[in-house]
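Undergrad: please find the sequence and the predicted model below.
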Amino acid sequence: MRRRLFGTRFKVGLGAGILLCICLAAIFAPYLAPYDPYQQSLVRRLKPPAFMEGGSLRNLLGTDNYGRDLLSRLIYGSRISILVGLASMALSCTIGTVAGLFAGFKGGRTEQAIMRFADAHSAFPDILLAIIMTAALGGSALNLILVLGISGWMIYARLVFGLTRSLRERSFVEAAASYGGSDRYIVFRHILPQVVPVLTVVATLQVAQMILQEAALSFLGLGLPPPAATWGNILAEGRDRLFGAPWIAHCSGVAIILVVFSVNMLGNGLREALDPKAAGAAR
Amino acid sequence: MTGIAPMADAPLLSVRDLTVRFRSGRGAVTAIDRVSFDVARGRVLGLVGESGSGKSVTALALMRLLPPDLAAVAGEVRFDGRDLVALPEREMRRVRGRHVSMIFQEPMTSLNPIASIGRQICEPLRLHLGLGRRAARERAAELLAMVAIPEPRRRLDQYPHELSGGMRQRVVIAMAIACEPRLVIADEPTTALDVTTQAQILDLLRDLQSRLGMAIIMITHDLGVVAEFADDVQVMYAGRGVERAGVREVFGHPRHPYTGGLLRSIPDFEADQDRLIGIDGTVPSLANLPPGCAYAPRCERAQEDCRTVVPDLDIVAPAHRAACFHPLGVAREASP
Amino acid sequence: MSQGEPLVVAAGLRKTYPIFGGTLVKRRTGTVHAVDDVSFVIRRGETLGLVGESGCGKSTTGRLVMRLIEPDAGSIRFDRVELTTLGRRRRNEGRRRLQLMFQDPSSAFNPRMRVGRIVSEPMRLAGATGKAQRDRVAELLPLVGLAAEQAERFPHQFSGGQRQRIGIARALALRPELIVCDEPVAALDVSVQAQVVNLLQDLQDQFGLTYLFISHDLRVVRHISDRVAVMYLGRIVELAPTAELYGSPQHPYTRMLLDAVPKTRPGGARAGSRAAGEASLAPAAGRQGCLFAPRCPHVMPRCREEVPAFREAAPGHVAACHLLG
């Protein structure tokens, strides 16, 4: 057995710990943020963070072009990022799982229709879909969730489809049918429980993906329109001042990296923890 | 045929105290424990055992195919005077496929699905014998003819999935004998095949063996295959050799209670039995072997000494070894 | 026990599967006749052995009897009730009287369920109360040689033989009359195989069970069966009482099969015809005439044109071969 750099517990603990902090920050944003994230102050424009030269403790992470407090904007921005990340993951996971279960269990034409549609959808650029939807519906958190959720279901569908196909061939599925289990019973009692651990891992990793996508879309102006405080928007604004005020882009960049890192840690840790072969040294 | 092998002739393969330990998350597991046996030139040794007996690990250890970071191999494997355990990997590669080759259980997985039959047979020929492209192809066709594959030339351009299971195993055999090795290790070569196909493959192996004069180690769980095919038999249990003798001896007068139990477990093909007499209990886990004889917990002859001391594979009758303090069919004057 | 009334009467069972081929576009290129005009009777309390090599349709036949797959043609009557025309609900009720046992004890159970739940699952589906289920599990596990406390464990904590015992317990849960055993000992070690075979026989004596015993192991089949049917490429070629079939096989395929079994007495030279050729389900091979003709040492021109009908060689011993004509 190969030795791992970090133990499974360490990974899950660290990942979950950082995420928990960020979630708490998002929930209690009004209490934690020192300022209103939208309050502009022309006097205090482009102040560097406290630890840099010229910075002060009044704005720990400095201010942006309009004199808004970056720390407050980051804290409020985490709300959007976390919400969009979780909700869009939930949406795409649900769509994909249902589609994959159907395709895998029914086979035949149902399978062909669903899986070919998934292929076609994969070939369609996400950004184009986002542009169309934003143009049609306008930028809002709900639309972001819809865009990201709908564009991500294919991974789940393929994964669940593959697993379902192979599980359907296993004897215990046939056994359940042989003593009178209905299709529904078999899918929910025998197939879904085997799929869930794998799904959990992929879903966790996808939350990070979704947060990145949200930032990317906002950065491109396809997410929530400014002045909304989202990590992507902060990053976009920071781009214009990358040389004069690099801390603007950096602070939201670091926040994104931190979340993605911790989610990946958690996902990898979960994968190891849920793998029956790794955990089940009980053999 | 027992014991007719010329005495002066040193055995082709001589295995002494071969031990393999697997490192795992929870300490080391001894997969095979001080296994010794000889294979004489041109003879067939049957290595029999149930799952977990260590018979396949023995084969892989002989070929040095166990992953070195997981398995620690100790002991001596003297092949034609050279100790294979101590041989540098470079030289071992020259031995593999050239002097010793292996036939695996599942022909579909031991053949490369995306390479033509011809290419796969030519590979060892060009690698070991340095044949040119054309000569190798000629020889490959000859080999296919030797293993009784019809239309050998056409088959060279076919792919494994186009052949039936029996034909695939014939191709695997052709690859194994390509360089006319002196020893072929066949690991359950017929287990995945139907019984009529199995009979054909065994006939083919026997025919090739007598024509090419190679020695064979036949690893199997099927006592019928051993009875038909082997000259000598080594029975394995929980990683240890428990009985070794000529095939008639083992089947006619089994000395180890485990061998006796195995033979009784097989439904008789000639006579009617009311009830099968199996062996109670299950094979012990290698990670958790009992002290003393590993078979003692299932053995009806077990005494106190069996539960404390591991018996050696000692001579219990002429040309017959068994690792048992209270062997079957031997006067029991020694036991208290 | 073979003089019981017929429990299962299968007549003219047929099941075909399409084969798809083609490089770019999938299209139907042929048909596999998995089961082709198969008829047999299983009497109450007997064991009918069904032997043949892989692909001969023996497992498909077992699943047709279980109604896990629909036959293309033919009828199955179980205790005088026609199963093929039964509605779904009635069929599920009827299923309690028929149970299936699987070959591979490692994939036959949901790895995330405890043994107690695995064994009681058929009862739960049949609507039994939780208490009834627990009581029955506590009764069944000792019956198959396991401890009642082991109901709390997971399948991977058991050895192969023990898992097959769990499979037997599950098959018994609803007190069936017929158990279709699909290669129940094929995955087991010989020493353990004997234990499971003995258990199956004991349970048969105790509960008057009827078995359809599907296996490629001619030794085990000889030991456990009252009568044996030999299948070749989807058709039954010979059916006889066990002693008859093994003592005086009539069909050349049966003879080839029996000759191919390695004897456990060394030195005994194998007598008779050696096996030749391999069974091929390839659709290209025509299905007119006797399917064994390409491999048969006694083939006659007639064999290639005319499907041999069953002829009685001895009372209760039938074989489909022109040599008997």
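TA: Now that the structure is in, tell me what you want to look at.
Undergrad: other SSEs contacting whichever strand or helix holds residue C:192?
TA: In this assignment (DSSP states H and E), residue C:192 forms part of helix C:190-207. With contacts taken as 3 or more CB pairs under 8 Å, 6 or more residues apart in numbering or on different chains; DSSP states H and E, helix C:190-207 sits against helix B:257-265, helix C:160-172, strand C:210-215, helix C:218-224. C-beta: built from backbone N, CA, C; applies to glycine.
Undergrad: lowest-pLDDT helix or strand in chain C?
TA: helix C:88-95 (a mean of 69; mean pLDDT, DSSP states H and E).
Undergrad: quick one: low-confidence ranges for the chain?
TA: Let's take chain A. Applying pLDDT under 70 to chain A flags the ranges A:1-6, A:55, A:275-283.
Undergrad: actually it's chain C I care about, not the one you picked
TA: C:1-3, C:21-26, C:88-89, C:91-92, C:267-275, C:280-286.
Undergrad: how about the helices and strands packed on helix C:190-207 in CSV, adding distance to residue C:51?
TA: CSV is the format used below for these (distance: least, CB to CB, whole Å):
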stretch, distance to residue C:51
helix B:257-265, 20
helix C:160-172, 19
strand C:210-215, 6
helix C:218-224, 5
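Undergrad: between those, which gets nearest to residue A:164?
TA: Nearest to residue A:164 among the helices and strands packed on helix C:190-207 is helix C:160-172 (23.2 Å), distances taken as CB to CB.
Undergrad: so what's the gap between that closest one and the chain middle?
TA: Remark: helix C:160-172 is offset 17 Å from the chain centroid, using CA atoms, centre = their mean, to the nearest Å.
Undergrad: just checking it against chain B, any contact.
TA: Yes. Counting by CB under 8 Å from any CB of the partner chain, chain B has neighbours in helix C:160-172: C:160-162.
Undergrad: which of these sits closest to chain B?
TA: Taking CB to the nearest CB as the measure, chain B sits nearest to residue C:161 out of the residues of helix C:160-172 next to chain B, at 6.1 Å.
Undergrad: ok, now which ones touch that closest one?
TA: B:282, C:188-189, C:192-193, C:195-196 (CB atoms under 8 Å, 6 or more residues apart in numbering or on different chains).
Undergrad: what do you get if the cut-off is 7 Å, keeping everything else the same?
TA: The contact partners of residue C:161, taken as CB atoms under 7 Å, 6 or more residues apart in numbering or on different chains, are B:282, C:188, C:192, C:195-196.
Undergrad: now these: which count as buried?
TA: B:282, C:188, C:192, C:195-196 (16 or more other CB atoms under 10 Å in any protein chain shown).
Undergrad: tell me the two of those residues that are most distant?
TA: Top of the distance list for the buried ones among the contacts of residue C:161 (CB to CB): B:282 and C:196, 11.8 Å.
Undergrad: in the stretch 101-250 of chain B, what residue is nearest chain C?
TA: Here the stretch 101-250 of chain B gets closest to chain C at one residue, residue B:224, 3.1 Å apart by CB to the nearest CB.
Undergrad: next, the buried residues of stretch C:138-155.
TA: Result for stretch C:138-155 [16+ other CB under 10 Å]: buried residues C:140-141, C:143-146, C:150-151, C:153-155.
Undergrad: of all these, which comes closest to residue A:208?
TA: residue C:154 (32.9 Å).
Undergrad: so residue A:258 makes contact with residue A:18?
TA: Yes. Contact criterion CB atoms under 7 Å: residue A:258 and residue A:18 qualify, at 6.4 Å.
Undergrad: okay, and the common contacts of these two?
TA: What both residue A:258 and residue A:18 touch, as defined by CB under 7 Å, 6+ apart, is an empty set.
Undergrad: and these two? which has more neighbours close in?
TA: More crowded of residue A:258 and residue A:18, by other CB atoms under 10 Å in any protein chain shown: residue A:18, with 17 against 14.
Undergrad: which residues does the closest residue to that one other than its chain neighbours contact?
TA: What sits nearest to residue A:18 in space, not counting adjacent residues and going by CB to CB, 6 or more residues apart in numbering or on different chains, is residue A:262, at 3.7 Å. By CB under 7 Å, 6+ apart, the residues touching residue A:262 are A:14-15, A:18-19.
Undergrad: let's see it at 6 Å
TA: A:15, A:18-19 (CB atoms under 6 Å, 6 or more residues apart in numbering or on different chains).
Undergrad: residue B:220 too?
TA: Contacts of residue B:220 (CB under 6 Å, 6+ apart): residue B:188.
Undergrad: what's opposite it in the beta bridge?
TA: residue B:48 (DSSP bridges).
Undergrad: is the most centrally placed residue in chain C bridged to anything, and to what?
TA: Centroid-nearest residue in chain C, with CA atoms, centre = their mean: residue C:214, separated by 2.5 Å. Note on residue C:214: beta-bridge partners residue C:50, residue C:182, judged by DSSP bridges.
Undergrad: same question for residue C:317.
TA: With DSSP bridges applied, residue C:317 shows beta-bridge pairing to residue C:314.
Undergrad: what's the neighbour count on it?
TA: By the other CB under 10 Å criterion, the neighbourhood of residue C:317 contains 19 residues.
Undergrad: that one is in contact with residue C:244, isn't it?
TA: Yes. The pair residue C:317 / residue C:244 is scored as a contact, 4.7 Å apart, by CB atoms under 6 Å.
Undergrad: residue C:9: which element?
TA: strand C:6-21.
Undergrad: tell me the helix or strand right after that strand.
TA: Following strand C:6-21 in sequence, per DSSP H and E, is strand C:27-43.
Undergrad: who does that next one pair up with?
TA: Strand C:27-43 has these strand partners (DSSP bridges): strand C:6-21 (antiparallel).
Undergrad: got the angle between the strand it pairs with and strand C:210-215?
TA: Between strand C:6-21 and strand C:210-215, the angle comes out at 30 degrees (axes from the mean of the first three to the mean of the last three CA atoms, to 10 degrees).
Undergrad: list the buried residues in strand C:6-21.
TA: Result for strand C:6-21 [16+ other CB under 10 Å]: buried residues C:7-10, C:13-16.
Undergrad: any idea which element the residue nearest to the spatial centre of chain A lies in?
TA: Closest residue to the average C-alpha location of chain A: residue A:207 at 1.8 Å, with CA atoms, centre = their mean. Residue A:207 is part of helix A:192-219, with elements assigned from DSSP H and E.
Undergrad: on contacts alone, who are the packing partners of that helix?
TA: Applying 3 or more CB pairs under 6 Å, 6 or more residues apart in numbering or on different chains; DSSP states H and E, one finds that helix A:192-219 makes contact with helix A:70-106, helix A:153-168, helix A:231-240, helix A:246-274.
Undergrad: next structured bit after the first one?
TA: Pointing back at helix A:70-106 there. Next element after helix A:70-106 (DSSP H and E): helix A:108-123.
Undergrad: any idea which helix or strand comes after that next one?
TA: helix A:126-137.
Undergrad: and the angle for that following helix with helix A:192-219?
TA: 70 degrees.
Undergrad: buried residues of helix A:126-137, list them for me.
TA: A:126, A:130-131, A:133-134.
Undergrad: give me the residues contacting that helix.
TA: Residues contacting helix A:126-137 (CB under 6 Å, 6+ apart): A:143, A:147, A:151, A:217, A:222.
Undergrad: my read is that residue B:140 contacts residue B:119, right?
TA: No. Counting by CB under 6 Å, residue B:119 is not a contact partner of residue B:140; they are 8.9 Å apart.
Undergrad: for burial, what's the neighbour tally of residue B:245?
TA: Neighbour tally, residue B:245, other CB under 10 Å: 28.
Undergrad: ditto for the one 10 residues further on
TA: As a burial measure, residue B:255 scores 25 neighbours (other CB under 10 Å).
Undergrad: would you mind measuring from it to residue C:253?
TA: 40 Å (CB to CB, to the nearest Å).
Undergrad: then residue C:236?
TA: In terms of CB to CB, residue C:236 sits 11 Å off from residue C:253.
Undergrad: I'm done for today, thanks for sticking with me.
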